[in-house]
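*Asks:* structure for this input, please:
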Amino acid sequence: MRNIFIVLCILVLGMTTSHAQEKLFYDFDATPLKVVIQQLEKDLNLHFSYAEDVVASKQITLQVDGLLLTELLSVLEAQTALHFEKLEGQDQVIIAPIAFSGNISLFLLDQETRMPLVENQVMVDSILLLETNQKGFLQFEDDGLPTHHLDVSGYGSFDFASSKNITSIYLSPQYKQLREVVVTSYITTGIDRNRDGSITLTQRPLGPIPGQTTPDILQSIQMIPGVTSLDESASGIQIHGGTSDQNLVLFDHIRVFNTGYLFGMLSRFNPYATEKADIFKTATSAVYGDRVSGVINISTDEKVASQLSGGFGVDGLSLDGFIKLPLSKKSSVSLFARNSYLDVFESPTYEAYERKIFNNSGTITDSNGNPLNVNTDDDYTYENSQNEFRFYDLNAKFVYQPSAKDKISISALMTRNRTNFSFMSEGETKVDSLTTGNGGVSVNWIHHTSPTQTEEVTTYFSSYDSYYLNEEFYSSTLKETNIRGNRISDFGLDLKSDRILGNGDRFTFGYQLSNTNLEVDLSSVSSGELENNLSLPVHESNFKNVLFGEYSFIKQNTGILKIGLRTVHYGSLARVYLEPRLNMELAFSKSLRLRAGLERRNQPISQLIEFNQTELRLENNLWRLSDDVNFPLLQSKQISTGLLFDKKGWTLDAEVYYKRVAGLTTYSQGFTLPEPNLSEGKSRILGMDFLIKKRIDRYRFWIGYSFNDVNFTFNEIQEGSFSGNNDITHSFRISSSLQLNNFQFSLGWQYRTGVPVTLIENYDEDTRRVNFGPLNAGRLPDFHRLDASVVHEFDLNQKNSRMQIGLSALNLYNRVVPLSIIHRTSQQNGELLLDQVVYRRSLGFTPNITFRLFF
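*Replies:* Below is the predicted model:
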């Protein structure tokens, strides 16, 4: 409690720290330019030089949230068609008219955001393809024609009368996405809340996250209330009480079945390849299916690169680099690569992860707290063990935009993860190896048939494989071999059409098909116990057809009502399923919104937690397709409602939800049962998410709280309901960040209740006979830790080049607690024996350092 009090004091004191300026926060509404200038002079100690008549008629309308001074001046330049130049090394800005060059010149801006259209492609007179610069500025030769026809990507077309005056033109988006942002910097910069309730996380400019120096997508989204991890991992994400395999994860339309390296401790996605991620916690669009929990849709940069750029970096686990190369004005290619170096050098960062992953020993007690003499880790020590860990990933993307109406992109992903582990004890050697890979290819074509009609065609191929090999030697003789293999190949074709109707409503419809092939290889060979030898190859497939439609009633700036329906036919089940969706958001005022959602979803593939029959120190989960016999179809129903308030730097968001999931099995939930028999059950989840955030200039603090009541019912194994394995009753985060000059500081403390555990009622150490109490009747100790990071970024002499150095630390006060306790049992003469207890610990103090160079 003393540690908790100290942490809270640190965070509260941090909230009163400096408000010094670096990134700017202003709200101007038709404000005269001269008034804006006076405000900037007062706040930033700048001096603006200008002629009164030049600025007299200019007005500014803009909400500025976290822009640098140079970016703000670019916006002012675009809105006024005046030139703003800050003198180098001086606190002086000169404002002057832009000299006429003889060419047609104009600034293009978004009508709604009032921001310049940066690096946006424009087709002039159907023959000349140009691109706006960082200020939204466009210039082309005056050939004497009285008017010119401009097609602006995403903003339709218009005719522009030739003029010697430089003009600012505001355009309304024509091909805009429905997920319109309603709260920018929802938690920190780069994390925004959309009108349909989804959250968008953008890699740049992602603000500082406690304990992180690189923008890991899967770690960053855990700052969102309702998104958490039971084991501190990046891949074990649960959303609204669902398990990680119940989340749909897409990477440029490629389905991803394994999202983590180092047993999930870091994301499988290169942080600098991922441009953004859209996260749906509830009321998802009818476009998405096949999972019963959340959706994480990750995408890379869709723009055609206009100039050569790249970067490389190193941290405590890996090296990485990327390059973006323009091939022409209409096409470019991007390449990303990352590779671990842990087989050459084990950093302090990796050593901290190593202690967590491979050391599974601890004190085991019965339900009364009495210590038990139980084997917990096969006499494992650092001295008698060896491990080798490697991972790498490659990304490539080709973007081709032949016209303002068409864009074609091809993405490729390849990831690989390999772990070798062995240790010796009393003449016995156990050797484990686990290799996992995930990758694929996707092709996407977007065609804007008209300003109100967009067609999209996507085809993809996803591949996943996992191979676990365990060998046990006595002296040099092989005594036992265990193999667990899992392979998935998934091919799909998606057709989608978007129509914006005359009244502003929107209709989206389409067709999807996919074919999933899945293989499982389970085998066990023992030289001493031939009767226990096992060979169970499995080959399954599922051909899916989907028709979906979604109608959106849109009332500009006030509300939205989306009604959707998915009609799905699963070939492996030979049945048709209907999945209705309803999503509503009503704006009472500019600051207050009410939201509600209702949905039904199905999942034809899920993971089995296959732990008890292997020697691997962490579970080797196997994917299986539903057959409605041993592996039923997962089905969920969820309803949610909430309120959002956002005004004057304050954001408050509260949501309650209720969810029921049917089709769970004891195999898919990984119960530490006395007997591993198959049983089917269901869950009931009641929860609440709450967020409060305050922005004070460049300082932010946010508090997130989630309540979860996950209840399981499995009548065949226990009468009545009991707490689910992933039931985290209370989860709490308090974080703060400060941007000061070129430094970013962040500090955050997180707390959650311990997960449920099945307690041992009594245990005989001589015979190993054991009796267990009710399922999940106990709880492990509460979990909490303090994380911090600091990042310094500075420009180099070369144009657009910059360097970044970062320091971070997880679990500053080094508190280590058990995260889970798993019992391995066996049967002998009708009696239950306790063979081993696997005791998993939390991560200890984990430092990290990063160095990056961008050009």
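*Asks:* hmm, who's touching the helix or strand encompassing Leu586?
*Replies:* In this structure, Leu586 sits in strand 575-587 according to DSSP states H and E. Strand 575-587 is contacted by residues 195-197, 283-286, 289, 550, 557-570, 593-602, 633 when judged by C-beta atoms under 8 Å, 6 or more residues apart in numbering. (Each C-beta comes from the backbone N, C-alpha and C, glycine too.)
*Asks:* show me what that strand pairs with in its sheet, parallel or antiparallel.
*Replies:* If you go by DSSP bridges, strand 575-587 pairs up with strand 559-570 (antiparallel), strand 592-603 (antiparallel).
*Asks:* among the contacts of strand 575-587, the buried ones, what's the PyMOL command?
*Replies:* Selection of the buried residues among the contacts of strand 575-587 in PyMOL, burial being defined by 16 or more other C-beta atoms under 10 Å:
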select buried, resi 195+196+197+283+284+285+286+289+550+559+560+561+562+563+564+565+566+568+570+593+595+596+597+598+599+600+601+602+633
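*Asks:* tell me the SS of the residue of the chain positioned farthest from its centre?
*Replies:* What lies farthest from the middle of the chain is Gly144; by C-alpha atoms, centre = their mean that is 51.3 Å. Recorded secondary structure, Gly144: coil (DSSP: H, G, I helix; E, B strand; the rest coil).
*Asks:* quick one, what contacts it?
*Replies:* Ser162.
*Asks:* backbone dihedrals for it, please?
*Replies:* The phi and psi values for Gly144, taken as degrees, to the nearest 10, are phi 90, psi -10.
*Asks:* please report the distance of it from Thr415.
*Replies:* According to C-beta to C-beta, to the nearest Å, Gly144 stands 56 Å off from Thr415.
*Asks:* check the residue nearest to Tyr474 when sequence neighbours are not counted and give its pLDDT.
*Replies:* In space, and not counting its chain neighbours, Tyr474 is closest to Glu428: 5.7 Å by C-beta to C-beta, 6 or more residues apart in numbering. At Glu428, the model reports a pLDDT of 79.
*Asks:* and Glu428, how many residues sit next to it?
*Replies:* Glu428: 14 surrounding residues under other C-beta atoms under 10 Å.
*Asks:* list the contacts for it?
*Replies:* Here Glu428 is in contact with 472-474 (criterion: C-beta under 8 Å, 6+ apart).
*Asks:* ok, Arg601 next?
*Replies:* Counting by C-beta under 8 Å, 6+ apart, Arg601 has contacts 284, 289, 291-292, 579, 635-636, 638.
*Asks:* please, where are all the helices along this structure?
*Replies:* Secondary structure of the chain (DSSP state H): helices at 2-14, 33-44, 52-55, 69-80, 217-220, 348-358, 666-669.
*Asks:* avg pLDDT for the last one?
*Replies:* Regarding helix 666-669, the rounded mean pLDDT is 70.
*Asks:* Ser489 and Val441 touch, don't they?
*Replies:* No. Using C-beta atoms under 8 Å, Ser489 is not in contact with Val441; the gap is 11.9 Å.
*Asks:* any common contacting residues for the two?
*Replies:* Phe461.
*Asks:* about what we covered before: now, which of the contacts of Glu428 lie within strands?
*Replies:* Those of these mapping onto strands are 472-474, per DSSP state E.
*Asks:* go through the residues you listed and say which is closest to Asp278.
*Replies:* Nearest to Asp278 out of the ones in strands among the contacts of Glu428 is Glu472 (C-beta to C-beta; 46.1 Å).
*Asks:* now, of the helices of the chain, which is deepest in the fold?
*Replies:* Mean neighbours per residue, mean count of other C-beta atoms under 10 Å, is largest over the helices of the chain for helix 217-220, with a mean of 24.
*Asks:* just the pLDDT for Val55.
*Replies:* 92.
*Asks:* check contacts around it.
*Replies:* 33-34, 37, 80, 82, 95.
*Asks:* again, but for Leu325
*Replies:* 305, 308, 332-335.
*Asks:* one more pass at 7 Å, please.
*Replies:* 305, 308, 332-333 (C-beta atoms under 7 Å, 6 or more residues apart in numbering).
*Asks:* neighbour-wise, which one of those residues leads?
*Replies:* Ser332 (22 neighbours).
*Asks:* and for that residue, nearest residue in space, chain neighbours not counted?
*Replies:* Ala305 (3.7 Å).
*Asks:* I figured that neighbour hits Ile323, correct?
*Replies:* No. In this structure Ala305 lies outside contact range of Ile323 using C-beta atoms under 7 Å: 9.5 Å.
*Asks:* what about the residue lying closest to Asn120 once chain neighbours are set aside, neighbour count?
*Replies:* Closest residue in space to Asn120, ignoring its immediate chain neighbours: Thr132 at 4.9 Å, by C-beta to C-beta, 6+ apart. When neighbours are defined as other C-beta under 10 Å, Thr132 has 24 of them.
*Asks:* and Val182, how far is that from Arg193?
*Replies:* Val182 is 6 Å from Arg193, by C-beta to C-beta.
*Asks:* ditto for Phe548
*Replies:* In terms of C-beta to C-beta, Phe548 sits 25 Å off from Arg193.
*Asks:* quick revisit: show me the beta-bridge partners of the residue nearest to Tyr474.
*Replies:* Assigned bridge partners for Glu428, using DSSP bridges, are Ser425, Tyr474.
*Asks:* same check on Arg785?
*Replies:* Bridge pairing for Arg785 - DSSP bridges - gives Gln750.
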